[in-house]
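*Asks:* Just to be clear, the model below is a prediction. Sequence and coordinates:
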Amino acid sequence: MNPTWSRFNITSIVLGFAFLYLPIVLLIVFSFNESKLVTVWGGFSTKWYVALFHNQGLMDATWVTARVAVISATVATVLGTLAALTLTRYTRFKGRMLFSGMVFAPLVMPEVITGLSLLLLFVAVGLDRGFLTVTLAHITLTMCFVAVVVQSRLVTFDRSLEEAAMDLGAPPVKTFFQITLPVIMPAIVSGWMLAFTLSLDDLVIASFTSGPGATTLPMKIYSQVRLGVTPEINAACTILIAVVAVGVIVASLANKRREVQRQRDEQAAQRG
Amino acid sequence: MSNAAVTAAASSHATDTGKSALARLSAAFIGRLVIIIPYLWLVFFFLIPFVIVFKISLSQTAIAIPPYTPVLGFGDGLSGFLAQLKQLSIDNYTWLTQDALYFNAYVTSVIVAAISTVLTLLVGYPIAYGMARAPATLRPTLLMLVILPFWTSFLIRVYAWIGILKPEGLLNQLLLSTGVISQPLIVLNTYTAIFIGIVYSYLPFMVLPLYSSLEKMDYSLIEAAKDLGCPPTSAFWKITFPLSVPGVIAGCLLVFIPAVGEFVIPDLLGGSQTLMIGKTLWNEFFANRDWPVSSAVAVILLLLLIVPMMLFQRAQARAQEQDK
């Protein structure tokens, strides 16, 4: 049954997307503004981008952020995938309730609480605040997001494939790497990307857990925003948006291609 | 088949079962590891930190590194540890009840989060409904378009609104030039700006669960209602809305819980005149350097959110069961 798409439906979608996208579009437009005033158009210019690359503090922060994001996303993906396997495959073990609580709670936990509690942990165990502590904090936060993404794929996974492989004599570990992993790979990849962007974005937890020498880009942007809105920040934000948008689009195109390839393979198999 | 062949086959079968027993044993061991590694990580980096927050919320502020006493430890043996335990007190909590600032901040945060949640639902529902009724070929693209802003930085999206809402910002320029208003509207640094910021930032969290419950709906129910003479509005309230309630609950919890403790939005859009608990905790920690009091603020905030959080976890578990 095909529902009708009324004029009301179309209007609400158009208005909704305008609301979602207009602020971002305006931000990008005004990063190319000649004038120092962010809200008065003074002609096209890329001078703020040039200024950006000469801002040593900002460049250092970008480098720190990128390293934290890559390392934490990678570790979080491994841990998150294990957590997702635990949640879907092991339905009975002691403390399962506690475990699923610990996986879901960080998703909604106010960041100020997570940040403060992690900082107090690092102080209690005598770990100096810096690059390592931010990375550990980000792993903890983002592994839960990875777990949810991978878990939603594992729930719909056809277990008979694994059973067939094991009936044919493949040991469980081999079965996992040759059957399960390739099937859930798209979910793992999008989990990694989600973890990467969350780490890239985070201001609050990083502010609590970071120390001197490990200022991240959001911390830098935040401290400048407090002093006022400038086209230079608009330019920095635009670059960040561009990096993420390109990443997301490339990943979804790759995903689509894999999907098409898979369907072709299945059809070929059916034709025999 | 000769006897020798049978014996050979039997013995090879025996080694097979021997191997598979070993494989099963190692599989069981690996199965354990799959559980233990993420479990221990979360216990150490998520659970234990809360215990520490609770302990420090019972400590006293001190001019020292770290800035609180007592620093619990077994350096002086068990008796020393017990003596330190006796120094713990609930002074910080009494302090929180005596100063009206904290009470007001908690109440305001809950009210602001509740109003924002309702507003997000009002904005998000028509979008999710429109998406669920869109042609099937268009739906993946629409879904992608809702998720995409979520990938761009939270801080950036909040920052973008400063330029729009400022007294000399784009909104006022537009309204002044079209003659809708003659005086610039003061929106930035008010609660209105916080509402806009929360609705804008959390909209995808509301739309996604709503969409997934609306998309599953069987539209022949609406057709049947229409055939039986039910007007569209009452068909909506009698059929569509009740069926989307799981999505409404999940969406509202996903917006409400983090919004109560939100820091970035009230700080950047709300200015100094607005009061919210996330900002209070931040200032207590970074400006006043009072770790024990900020820990006490965090403990109370957590207690406030524990019921909605448990509801959220139950909703998640139920959705998982349904997927199976």
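*Replies:* Now that the structure is in, tell me what you want to look at.
*Asks:* CA atoms for contacts and neighbours, from now on please.
*Replies:* Fine.
*Asks:* The helix or strand where residue B:173 lies packs against which elements?
*Replies:* Take DSSP states H and E as the rule and residue B:173 turns out to sit in helix B:170-177. Counting contacts by 3 or more Cα pairs under 8 Å, 6 or more residues apart in numbering or on different chains; DSSP states H and E, helix B:170-177 is packed against helix B:154-165.
*Asks:* Please see if the helix it packs on touches chain A.
*Replies:* Yes. If you take Cα under 8 Å from any Cα of the partner chain as the test, helix B:154-165 does meet chain A, through B:154-157, B:159-164.
*Asks:* re the thing from before, now the next helix or strand after the helix holding residue B:173: average pLDDT?
*Replies:* Where DSSP H and E defines the elements, the next helix or strand beyond helix B:170-177 is helix B:191-215. Helix B:191-215 comes out with an average pLDDT of 93.
*Asks:* Is any residue of the next helix or strand after helix B:191-215 near chain A?
*Replies:* Remark: after helix B:191-215, the chain's next helix or strand is helix B:220-227, criterion DSSP H and E. Yes. Judged by Cα under 8 Å from any Cα, helix B:220-227 and chain A are in contact via residue B:220.
*Asks:* How about residues contacting helix B:220-227?
*Replies:* Residues outside helix B:220-227 that contact it (Cα atoms under 8 Å, 6 or more residues apart in numbering or on different chains) are A:1, B:232, B:235, B:239-240.
*Asks:* residues in contact with the residue of chain B found nearest chain A?
*Replies:* Taking Cα to the nearest Cα, chain A has its nearest neighbour within chain B at residue B:130, 4.2 Å off. By Cα under 8 Å, 6+ apart, the residues touching residue B:130 are A:5, A:8-10, A:12-13.
*Asks:* Next one: it from residue B:207, what distance?
*Replies:* Relative to residue B:207, residue B:130 is positioned 11 Å away (Cα to Cα, to the nearest Å).
*Asks:* And for residue B:226?
*Replies:* 26 Å.
*Asks:* Now residue A:231: closest residue in space, sequence neighbours ignored.
*Replies:* Excluding the flanking residues, the one nearest residue A:231 by Cα to Cα, 6 or more residues apart in numbering or on different chains is residue A:31, at 5.2 Å.
*Asks:* Test my guess that the one you found contacts residue A:239.
*Replies:* No. The criterion here is Cα atoms under 8 Å, and residue A:31 misses it with residue A:239 at 9.9 Å.
*Asks:* Give me the more crowded residue out of those two.
*Replies:* Remark: of residue A:31 and residue A:239, residue A:31 carries more neighbours, 27 against 15, as counted by other Cα atoms under 10 Å in any protein chain shown.
*Asks:* Can you name the residues that contact the more buried one?
*Replies:* Counting by Cα under 8 Å, 6+ apart, the residues that residue A:31 touches are A:38, A:46, A:48, A:231-235, A:238.
*Asks:* repeat that with 7 Å
*Replies:* Counting by Cα atoms under 7 Å, 6 or more residues apart in numbering or on different chains, residue A:31 makes contact with A:231, A:234-235.
*Asks:* out of these, who's nearest chain B?
*Replies:* When the contacts of residue A:31 are ranked by distance to chain B (Cα to the nearest Cα), residue A:234 comes first, at 8.4 Å.
*Asks:* where does the closest one fall, phi/psi-wise?
*Replies:* When read as degrees, to the nearest 10, the backbone of residue A:234 gives phi -50, psi -40.
*Asks:* so what's the backbone phi/psi at the residue nearest to it when sequence neighbours are not counted?
*Replies:* Residue nearest to residue A:234 in three dimensions, not counting chain neighbours: residue A:31, with 4.8 Å by Cα to Cα, 6+ apart. Backbone torsions for residue A:31, taken as degrees, to the nearest 10, come to phi -70, psi -20.
*Asks:* how much space between residue A:31 and chain B?
*Replies:* To chain B, residue A:31 is 11 Å away according to Cα to the nearest Cα, to the nearest Å.
*Asks:* Equivalent analysis for residue A:164, please.
*Replies:* 16 Å.
*Asks:* Secondary structure class of that residue, three-state.
*Replies:* Of the three states, residue A:164 takes helix under DSSP: H, G, I helix; E, B strand; the rest coil.
*Asks:* follow-up on the earlier one: which strand or helix spans the residue of chain B closest to chain A?
*Replies:* Applying DSSP H and E as the criterion places residue B:130 in helix B:100-132.
*Asks:* Okay, buried residues for that helix please.
*Replies:* The neighbour-count check on helix B:100-132 (16 or more other Cα atoms under 10 Å in any protein chain shown) flags B:102, B:105-106, B:108-110, B:112-114, B:116-117, B:119-121, B:123-132 as buried.
*Asks:* repeat for stretch A:212-231
*Replies:* A:214-222, A:225, A:229-231.
*Asks:* how far is that stretch from where the chain is centred?
*Replies:* 21 Å (Cα atoms, centre = their mean, to the nearest Å).
*Asks:* Stretch A:180-191 now?
*Replies:* What separates the centre of stretch A:180-191 from the centre of its chain is 15 Å, taken as Cα atoms, centre = their mean.
*Asks:* ok, and does it reach over to chain B?
*Replies:* No. Stretch A:180-191 does not reach chain B (Cα under 7 Å from any Cα of the partner chain); its nearest approach is 11.3 Å.
*Asks:* Poorly predicted segments of the chain, please.
*Replies:* Just going to use chain A. Applying pLDDT under 70 to chain A flags residues A:1-4, A:38-39, A:272.
*Asks:* Hmm, no, I was thinking of chain B.
*Replies:* Within chain B, the ranges that satisfy pLDDT under 70 run B:1-24, B:27, B:62-65, B:69-84, B:320-324.
*Asks:* Can you give me the distance of residue A:168 to residue A:161?
*Replies:* 11 Å.
*Asks:* Apart from its chain neighbours, what residue comes closest to the residue of the stretch 1-150 of chain A found nearest chain B?
*Replies:* In the stretch 1-150 of chain A, the residue that lies nearest chain B is residue A:9 (4.2 Å; Cα to the nearest Cα). Among residues not flanking residue A:9 along the chain, residue B:130 sits closest, at 4.2 Å (Cα to Cα, 6+ apart).
*Asks:* Report the contact partners of residue B:204.
*Replies:* With contacts defined as Cα under 7 Å, 6+ apart, residue B:204 is in contact with B:146-147, B:150.
*Asks:* ok, and the most crowded of those residues?
*Replies:* Within these, most neighbours by other Cα under 10 Å means residue B:146, with 23 neighbours.
*Asks:* all strands for chain A, in order.
*Replies:* Counting by DSSP state E, chain A has no strands at all.
*Asks:* need the helices for it, in chain order.
*Replies:* In chain A, the segments counted as helices under DSSP state H are A:7-30, A:47-53, A:56-89, A:96-108, A:111-124, A:131-155, A:159-167, A:172-175, A:181-201, A:204-209, A:217-225, A:231-271.
*Asks:* now those as JSON lines including distance to residue B:278?
*Replies:* Below are the helices of chain A laid out as JSON lines (distance: least, Cα to Cα, whole Å):
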{"stretch": "helix A:7-30", "distance to residue B:278": "25"}
{"stretch": "helix A:47-53", "distance to residue B:278": "31"}
{"stretch": "helix A:56-89", "distance to residue B:278": "24"}
{"stretch": "helix A:96-108", "distance to residue B:278": "14"}
{"stretch": "helix A:111-124", "distance to residue B:278": "6"}
{"stretch": "helix A:131-155", "distance to residue B:278": "18"}
{"stretch": "helix A:159-167", "distance to residue B:278": "45"}
{"stretch": "helix A:172-175", "distance to residue B:278": "45"}
{"stretch": "helix A:181-201", "distance to residue B:278": "18"}
{"stretch": "helix A:204-209", "distance to residue B:278": "10"}
{"stretch": "helix A:217-225", "distance to residue B:278": "16"}
{"stretch": "helix A:231-271", "distance to residue B:278": "24"}
